[in-house]
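Visitor: Build me a structure from this.
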Amino acid sequence: MTAQPIQRLESKLTARYQTTVPESVRNVLGLKKLDKISYHILSNGQVVISRADPNESETDPVLEKFLSFLARDLENNPQHLTTINSDLVSRVQSLVGDVAIDLNASLPEEDE
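Guide: Sure, this is the predicted structure:
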């Protein structure tokens, strides 16, 4: 038995693909400002949204596989692990030493 819709709502996408979650949806999901939403894409093409579990850690499956690969490689081939020499450290510092980074600054529109 599948759940039947009891209400149909719409929201509009902005030019940056952003939207406002309708108030009744926020209320049903118990969303507050800065909460995260989880999207579940079903095999039939439908998408179910729910409130993201704040206790669930965010993971990137590609990054997780890469890190697992690195861990296995380091375990199986410890001889490949070498120190970074001072020339490389100096070269990196010369390339980025004068770059100012504000981690709290907003991204430019084209980077979001």
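
Visitor: State the three-state secondary structure for residue 105.
Guide: Here residue 105 takes the coil state, with states given by DSSP: H, G, I helix; E, B strand; the rest coil.

Visitor: count of neighbours near it?
Guide: 8 (other CB atoms under 10 Å). The C-beta positions use only the backbone N, C-alpha and C, and glycine is treated the same way.

Visitor: can you pull out the strands in this structure?
Guide: 37-41, 47-51 (DSSP state E).

Visitor: Could you list the low-confidence segments of this protein?
Guide: 1-2, 57-58, 111-112 (pLDDT under 70).

Visitor: Longest helix in it, please.
Guide: In the chain, taking DSSP state H as the definition, the longest helix is helix 61-76.

Visitor: Put the alpha carbons of that helix into CSV.
Guide: Listed next in CSV are the C-alpha coordinates belonging to helix 61-76 (Å, rounded to 0.1, in the frame of the first residue of the first chain):
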residue,chain,number,x,y,z
PRO,A,61,31.4,8.1,-1.2
VAL,A,62,34.1,9.0,-3.7
LEU,A,63,36.3,10.5,-1.1
GLU,A,64,35.7,7.6,1.2
LYS,A,65,36.8,5.1,-1.5
PHE,A,66,39.9,7.2,-2.3
LEU,A,67,40.9,7.4,1.4
SER,A,68,40.4,3.7,1.8
PHE,A,69,42.6,3.2,-1.3
LEU,A,70,45.3,5.4,0.3
ALA,A,71,45.1,3.6,3.6
ARG,A,72,45.5,0.1,1.9
ASP,A,73,48.4,1.4,-0.3
LEU,A,74,50.2,2.8,2.7
GLU,A,75,49.7,-0.4,4.7
ASN,A,76,50.8,-2.6,1.7
